[in-house]
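Asks: test case, fold it:
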Amino acid sequence: MKYISTRNNNKEFDFKTVFIKGLADDGGLFIPKSIKKYSNEELQELKKLNYNQLSVEIINQFSSDFITKGELSSLIDKSYSTFREKEVVKISNIGSLKLLELFHGPTLAFKDIAMQFIGNLYGYYLSKNDEKINIVVATSGDTGAAAIDAIKGKNNLNIFVLHPNNRISPVQRKLMTTVEDKNVFNIAIEGNFDDCQNIVKSMFSDLDFSKSINMSGVNSINWARIIAQSVYYFYSYFKLNKETVSFSVPTGNFGDVFAGYLAKKMGLPIDKLIVATNENDILHRAISKGDYVSKKVKETLSPSMDIQLASNFERLIYYVNNSDADITADIMNKIKQNSYHIEKNNLETIQKDFVSESCSEQETLDIIKKNFKDNNIILDPHTAVGVGAANKLSFNDCVVLSTAHPCKFPNATNNAIDKHEKLPEELQNVLEKDENFEVLKNNTENVKDFIKNKV
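Replies: The predicted structure follows:
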């Protein structure tokens, strides 16, 4: 399969380049030149597979020029061998809704599903190439811990994680900053997640710098993460045995819900993808009325969604503008100037696949409280937003992506129900261990200097 950039569809790339680089040199995002659409007969065959086998079949569609199917199968088995659920994910009931539990990996968040795969994919690549790679990633809370767990201790790999100082939960932070492996570096930026993300993008765009350190990235813009995340949409659809299904997805950077959009483009009978946001509601405003103008980031109980610029939205912009790279580049320039409003015809196209809703802080607490009372289930605040969005839109029979274990957000659940889940026993020690991270100003050059001194 060949890939192109959302800002230039003339130049082709292979999967290895897409995976290792993460971001195109022109600042665009990689997408496949074409996408295979499964027939009904092929979907019925996929339905017979377990989670690991399904992952192999779907991911192989996009990576066969890089890794053989047999090697991919071994890599997938290794990636998911430490998950608490044999089938990686679990579907449970919450009233009339279904919860797709995605938090059974080593760092208790959906990011583990893609990140464990990516970590082993780096290992596979480096086993065949005599290189050293420096991974730089921004996190709004969960990506960093998942990436560190997947990369720690691996030879010829360093990982630098930027998180917004004092703007993620203490448990999220400690899952990153208590890791003792010498190839792990945590950086707390005096700013918000968007600031962290902009620094990382700036470093990728500085080709002299990025090439000098052989820089790679595992943020949600990395196509390997998107394809790994698309698998659980297929899996849950097959398990529910319905003709069509809708998904409510708590999201900030649009990566997880875009994976659902990819699944739909591959032929999965998805009705609607609900984009569920907290008070940082740029995606809700964009999808409901075309307003893609960012506002000041608010700190909320669901910090992984405290984002005002959703990087993966560029891929949707490309598709709804008839795969026109020039128009996409022009729109991204408007977004950079904070002056983009979605045209009516494009908005109508988006709304064929997406609906959206947002939840306030009080609504999030009320949802946690109500579901504990009615169903004896403790929801993490991000999942609560997904449930709230489905309820507000009257989607009474849909799948809510449960993106994190509630034990990671004790402040939110204590506020709602005066109760919190404990960390699993094997992770309890992070609460007492010493932390190690560097606090830096919101300045790209400072971060570059820090990284250069470490590599």
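Asks: Ala389 contacts Phe354, doesn't it?
Replies: No. Here Ala389 does not reach Phe354: they are 11.7 Å apart, not a contact under C-beta atoms under 8 Å. No exception for glycine: its C-beta is placed from N, CA and C like everyone else's.
Asks: which of the two has more neighbours?
Replies: With neighbours defined as other C-beta atoms under 10 Å, Ala389 and Phe354 compare such that Ala389 has more, 28 against 20.
Asks: centre of the chain to whichever helix or strand that one is part of, how far?
Replies: Taking DSSP states H and E as the definition, one finds Ala389 inside helix 381-392. Averaging C-alpha positions (C-alpha atoms, centre = their mean, to the nearest Å) puts helix 381-392 17 Å from its chain's average.
Asks: as a check, name the ranges of all strands in the stretch 251-400 of the chain.
Replies: Along the stretch 251-400 of the chain, counting by DSSP state E, counting those that start in this stretch, strands occupy 270-277, 291-292, 340-341, 354-358, 399-402.
Asks: Asn183: which of those strands is closest?
Replies: strand 399-402 (31.0 Å; C-beta to C-beta).
Asks: so which bits of stretch 27-42 are buried?
Replies: For stretch 27-42, burial by neighbour count (16 or more other C-beta atoms under 10 Å) applies to Gly27, Gly28, Leu29, Phe30, Ile31, Pro32, Tyr38.
Asks: my error: substitute stretch 175-189 in the last question.
Replies: Across stretch 175-189, burial judged by 16+ other C-beta under 10 Å covers Leu175, Met176, Thr177, Thr178, Val179, Asn183, Val184, Phe185, Asn186, Ile187, Ala188, Ile189.
Asks: and stretch 421-428, by the same measure?
Replies: For stretch 421-428, the neighbour count (16+ other C-beta under 10 Å) marks Leu423, Leu427 as buried.
Asks: how about stretch 188-198?
Replies: For stretch 188-198, a neighbour-count test (16+ other C-beta under 10 Å) marks Ala188, Ile189, Gly191, Asn192, Phe193, Asp194, Asp195, Cys196, Gln197, Asn198 as buried.
Asks: may I have the predicted confidence score for Lys239?
Replies: pLDDT for Lys239: 97.
Asks: name the SS class of it, please.
Replies: Following DSSP: H, G, I helix; E, B strand; the rest coil, Lys239 is assigned to helix.
Asks: that one: neighbouring residues, count only.
Replies: Neighbour number of Lys239 under other C-beta under 10 Å is 17.
Asks: report the contact partners of it.
Replies: Residues counted as contacts of Lys239 (C-beta atoms under 8 Å, 6 or more residues apart in numbering) are Ile91.
Asks: distance check, it against Ala109.
Replies: 21 Å (C-beta to C-beta, to the nearest Å).
Asks: cool, Ile451 as well?
Replies: To Ala109, Ile451 is 25 Å away according to C-beta to C-beta.
Asks: now Asp324
Replies: Applying C-beta to C-beta to Asp324 and Ala109 gives a distance of 35 Å.
Asks: look at these two and report which has more neighbours.
Replies: Set side by side, Asp324 and Ala109 show more neighbours around Ala109, with 26 against 16, by other C-beta under 10 Å.
Asks: pretty sure the more buried one sits against Thr403.
Replies: Yes. With contact defined as C-beta under 8 Å, Ala109 and Thr403 form a contacting pair (6.4 Å).
Asks: what touches both of these two?
Replies: Going by C-beta under 8 Å, 6+ apart, residues that sit against Ala109 and also against Thr403 are Leu102, Phe103, Asp142, Ser304.
Asks: please produce a markdown table containing the residues you listed, extended by distance to Ala259.
Replies: Below are those laid out as a markdown table (distance: C-beta to C-beta, whole Å):
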| residue | distance to Ala259 |
| --- | --- |
| Leu102 | 11 |
| Phe103 | 16 |
| Asp142 | 15 |
| Ser304 | 16 |
